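S.K.: Give me a model of this one.
(one chain, ligands or ions: 2)
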Amino acid sequence: MKEKLSPTGILKVGVCRICGCTEHDPCFNPHHGFCWWADATRTICSHCADPAIAEDPFTVHCVNSEKVKPYAPED
Ligand SMILES: [Zn+2]
Ligand SMILES: [Zn+2]
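M.R.: Numbers count the residues shown, from 1 in each chain. Ligands and ions are numbered 1, 2, ... in the order given. Prediction:
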C-alpha cells in the first residue's frame, strides 16, 4: 500500500507562517516598504520576524486582504 505524505505540519513555502502574507499579498510599512522573506525557506516575512517592524503601529499585514481604502468616499 502506498501512502502519500500528508502536508499537515509542513510549513507552506511562500506563505508567512505568522500573518499569512504572500508575494501577491504582502505587508507594508511606510518606513520599510513591502515585506520580504526573512528566511531562506520563505515561511516568515520581515514584517513579522523583525520586532521593530512587527510592533510598529503603521505596519499593515496582507495589504490586499485588508482591502485598505484610504480616504475612499463611499456612497
Ligand atoms: Zn508575516
Ligand atoms: Zn509579510
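
S.K.: hang on, residue 52 in a helix?
M.R.: Yes. Counting by DSSP: H, G, I helix; E, B strand; the rest coil, residue 52 is part of a helix.

S.K.: So which bits of this protein are right by ligand 2?
M.R.: Counting by C-beta under 5 Å from the ion, the chain comes close to ligand 2 at 16, 21, 27, 35, 45, 47. From N, CA and C alone the C-beta is placed, and that goes for glycine too.

S.K.: Correct me if wrong: the fifth one contacts residue 27.
M.R.: Spelled out, it's residue 45. Yes. At 6.1 Å, residue 45 counts as touching residue 27 under the criterion of C-beta atoms under 8 Å.

S.K.: residues shared between the contacts of the two?
M.R.: Listed as contacting both residue 45 and residue 27 by C-beta atoms under 8 Å, 6 or more residues apart in numbering are 16, 19, 21, 35.

S.K.: Give me the mean pLDDT for stretch 28-42.
M.R.: On average, the pLDDT along stretch 28-42 is 97.

S.K.: So for it, what gets flagged as buried?
M.R.: 28, 29, 32, 35, 37, 38, 42 (16 or more other C-beta atoms under 10 Å).

S.K.: For the first one, which residues are in contact?
M.R.: Translated: residue 28. Contacts of residue 28 (C-beta under 8 Å, 6+ apart): 34, 35, 47, 59, 60, 63.

S.K.: swap in the fifth one?
M.R.: With contact taken as C-beta under 8 Å, 6+ apart, residue 37 is in contact with 44, 45, 46.

S.K.: now it, which residues is it bridged with?
M.R.: Per DSSP bridges, the residues bridged to residue 37 are residue 45.
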